[in-house]
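Chemist: predicted model, plus sequence, below.
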Amino acid sequence: MLRFALLCLWLPSALMAQNNDWPKAIAAVSAKSEAYIAYGLRASGAGSIQSAIGVIGIFADIEKHRCAILGRMLGKIDVIAELERFDIPPLSQNPDPYLAVEIGVSLDNWIAEARTALAQSEAERINTWNLDCVGTLVPESAGIVSDAPDAQFVADGTALRIYGNIDSGFHARFLETLNANPDIRMIELGSGGGSVKDAIEAGREIRRRGLETRLFGNCYSACPLVYVGGSERTIWANVRHDFGFHRLATRDGAALPDDHPFYDLIASYLAEMGVDAETYIGWMQSAAPESMFSPQPGELCAPGIATFVQRICNADGTF
């Protein structure tokens, strides 16, 4: 297999030549995707993408593409070089058909992420970059100060997407949005955390209304408290299922001791939600305020934090 820089060699060259013409780049990637998928299905004799590579391949490289695209749009070219690298054997070499289909699907995922990023405001791109990319796929030093870090609410049919920090007015804005959109049944979350009080109030409102929750992005600090409010709590394979837990701290950053009353308040709330408070708070207290403990996906169902993690577990502990 030959090593190519997918974005560095043929995508950015198109972008730079056309004054950052992302629609033209999307069209070029779409043509290449179609060629690889058509070859793969023809050579393998498969009638569909699913039969060619299975469900896992459908989600190929989503996070990598998201951060590469956002990094380029936000001028962070120096930290995304490896994210823009992609293994593509030319079709003239008659590559493995299943690999060809997976490459085509990955390119389709690039297209979807590019379109999503193009539709975002600059503030939304920065917030997504900071939450989904910084500290995981790119260094902490690549973070960008956001002028609008607080959570944004986007209602779309029966789903409400919440992305951004949980500020001190989060619960009030959340309640207002729900009341204005009575058809909402699903809450999609991605947040770096914030106000524990607002997170707990929002979680209780979610449970009171019988709404479900699912991850849309990473969910850190106070965010899991909102998430466990869901009557059903789902994590699909097409998002990185990262939860992050750490100790509570004072305003000046000093860690609260294990016996602080705030932990009792959180434990009481978790018991209401049917979550194992001992496990949850144990994870919180295992990391300093400036750090983060991220459990493995398979650890999320048994304590009731998630009720379903795709291909990994259900609430009853079965696959």
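Modeler: Thanks, I have it. Residues are numbered from 1 along each chain as shown.

Chemist: count of neighbours near the residue lying closest to Gly193 once chain neighbours are set aside?
Modeler: Once flanking residues are discounted, Gly193 sits nearest to Ser221: 2.4 Å by CB to CB, 6 or more residues apart in numbering. The way it works is simple: take the backbone N, C-alpha and C, and place the C-beta from them, glycine included. A count of nearby residues for Ser221, using other CB atoms under 10 Å, gives 23.

Chemist: surely Ala277 is in contact with Leu265?
Modeler: No. With contact defined as CB atoms under 8 Å, Ala277 does not count as touching Leu265 (10.7 Å).

Chemist: quick one: contacts for the residue nearest to Gly193?
Modeler: Contacts for Ser221 (CB atoms under 8 Å, 6 or more residues apart in numbering) come out as 191-194, 244-246, 292.

Chemist: mind running it again at 7 Å?
Modeler: Counting by CB atoms under 7 Å, 6 or more residues apart in numbering, Ser221 touches 192-193, 244, 246.

Chemist: relative to Pro97, how far out is Phe245?
Modeler: The gap separating Phe245 from Pro97 is 43 Å, by CB to CB, to the nearest Å.

Chemist: neighbour-wise, which of the two wins?
Modeler: Between Phe245 and Pro97, Phe245 has the larger neighbour count (other CB under 10 Å), namely 24 against 20.

Chemist: may I have the phi/psi pair for the more buried one?
Modeler: The phi and psi values for Phe245, taken as degrees, to the nearest 10, are phi -120, psi 140.

Chemist: what sits against it?
Modeler: Neighbours of Phe245 in contact, by CB under 7 Å, 6+ apart: 224, 283-284, 287, 292-293.

Chemist: go on, Glu212?
Modeler: Counting by CB under 7 Å, 6+ apart, Glu212 touches 185-186, 230-232, 234.

Chemist: residues near Ala43, how many?
Modeler: Going by other CB under 10 Å, the residues that sit close to Ala43 add up to 17.

Chemist: ok, and the closest non-adjacent residue to it?
Modeler: Counting by CB to CB, 6+ apart, Ala43 lies nearest to Pro97, which is 3.6 Å off, once chain neighbours are set aside.

Chemist: Ala277 and Leu265: who's more crowded?
Modeler: Under the criterion of other CB under 10 Å, the comparison of Ala277 against Leu265 puts Ala277 first, with 19 against 13.

Chemist: so how far is Gly71 from the more buried one?
Modeler: For Ala277, the distance to Gly71 equals 39 Å [CB to CB].

Chemist: worst-scoring helix or strand of the chain, pLDDT-wise?
Modeler: Lowest on mean pLDDT, DSSP states H and E among the helices and strands of the chain sits strand 3-4, with a mean of 36.

Chemist: read off the pLDDT value for Ala277.
Modeler: pLDDT, Ala277: 97.

Chemist: same thing with the one 4 residues further on?
Modeler: Here, the pLDDT recorded for Ile281 equals 97.

Chemist: Ile58 too?
Modeler: Confidence score, pLDDT, at Ile58: 61.

Chemist: and if you look at Gln50?
Modeler: Here the pLDDT value assigned to Gln50 is 62.

Chemist: those strands in this protein, which residues are they?
Modeler: For the chain, the strands defined by DSSP state E occupy 3-4, 86-87, 152-156, 159-163, 186-191, 212-220, 233-235, 243-244, 308-309, 313-314.

Chemist: the residue nearest to Ala43 reaches Tyr36, doesn't it?
Modeler: No. Contact criterion CB atoms under 7 Å: Pro97 and Tyr36 do not qualify, at 9.6 Å.

Chemist: thank you kindly, that will do.
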